[in-house]
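**Student:** no letters, just coordinates:
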């Protein structure tokens, strides 16, 4: 990966995210370039297989991962804020908070680079970040609802009946309205998962809950309708 990179190059941006196990939704899946931060005086140029970034990089913002020099999770988050839109950035934020950083770590990173590209996005998204999110597209859905001004949902909400028996768990919930929202990824198409989903949904509906389920085709293809359906349910 770094065999032809200039001295002092550090893996960054989407390449660093991949090394940290952070998935970026809504990205350009045709972009397989390695992203590098290179020293400001380097003559290295971007080319078909790599993207060179020339931005200031402090020593404490570099570590090693799988033997490669790589930006720290907090610095990776700040760099991605410059290139991702808010829905995808929230997905990254949720994952970084779940596995690598406290919210205060990201706030400190933002204070070190308080101006420049991406700062407004980072400031908007950071307060919404939640380590309980369980999938990147669930985070994208959550930003859609936040941006539409809907009330903040509970994440991974466990529903119980009057005896305390667990009826199910939902990605997003508004308990005061008895409304549950699920994001169904590809795994929900598997037969066993599909059957369990139906049984759980029947239990929840019978207990008086409204259950709405959406896929990536809904969130990406008809976002206004998704918002409208949830808004109606909350009324």
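**Tutor:** Okay, I see it. Quick caveat: nothing in here was measured; it's all calculated off a predicted structure.
**Student:** show me the shaky parts of the protein.
**Tutor:** 1-4, 27-30, 186-194 (pLDDT under 70).
**Student:** cutoff 90 now
**Tutor:** Across the chain, residues meeting the criterion (pLDDT under 90) sit at 1-8, 26-33, 39-50, 66, 112-116, 162, 184-200.
**Student:** what ranges do the strands span in it?
**Tutor:** Ranges of strands within the chain are 10-11, 34-37, 50-53, 62-65, 68-71, 154-160, 166-174, 179-183, 210-214, based on DSSP state E.
**Student:** the shortest one packs against which elements?
**Tutor:** This means strand 10-11. strand 34-37, strand 68-71 (3 or more Cβ pairs under 8 Å, 6 or more residues apart in numbering; DSSP states H and E). In this view, the C-beta of every residue, glycine as well, is placed from N, C-alpha and C.
**Student:** and the spatially most central residue of the chain, what does it touch?
**Tutor:** Centroid-nearest residue in the chain: residue 91, 0.7 Å away (criterion: Cα atoms, centre = their mean). Applying Cβ atoms under 8 Å, 6 or more residues apart in numbering to residue 91 gives the contacts 23, 24, 25, 133, 136, 137, 139, 140.
**Student:** now the buried members of those.
**Tutor:** For the contacts of residue 91, a neighbour count by 16 or more other Cβ atoms under 10 Å gives the buried set as 24, 25, 133, 136, 137, 139, 140.
**Student:** in helices, which of those residues fall?
**Tutor:** Among those, DSSP state H puts 136, 137, 139, 140 in helices.
**Student:** against residue 47, how distant is the first one?
**Tutor:** Okay, so that is residue 136. Here the criterion is Cβ to Cβ, to the nearest Å. By it, residue 136 lies 29 Å from residue 47.
**Student:** grab the longest helix from this structure for me.
**Tutor:** helix 191-206.
**Student:** just flag the most distant two among the buried ones among the contacts of residue 91.
**Tutor:** 24 and 133 (14.0 Å; Cβ to Cβ).
**Student:** TSV for the strands of the chain, including mean neighbour count and distance to residue 86?
**Tutor:** Below are the strands of the chain laid out as TSV (neighbours: other Cβ atoms under 10 Å; distance: least, Cβ to Cβ, whole Å):
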stretch	mean neighbour count	distance to residue 86
strand 10-11	25	24
strand 34-37	24	20
strand 50-53	18	21
strand 62-65	14	26
strand 68-71	21	21
strand 154-160	15	18
strand 166-174	20	18
strand 179-183	24	17
strand 210-214	18	19
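**Student:** may I see these organised as a markdown table, with distance to residue 117 added?
**Tutor:** Formatted as a markdown table, those follow (distance: least, Cβ to Cβ, whole Å):
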| stretch | distance to residue 117 |
| --- | --- |
| strand 10-11 | 19 |
| strand 34-37 | 14 |
| strand 50-53 | 11 |
| strand 62-65 | 21 |
| strand 68-71 | 16 |
| strand 154-160 | 30 |
| strand 166-174 | 31 |
| strand 179-183 | 30 |
| strand 210-214 | 31 |
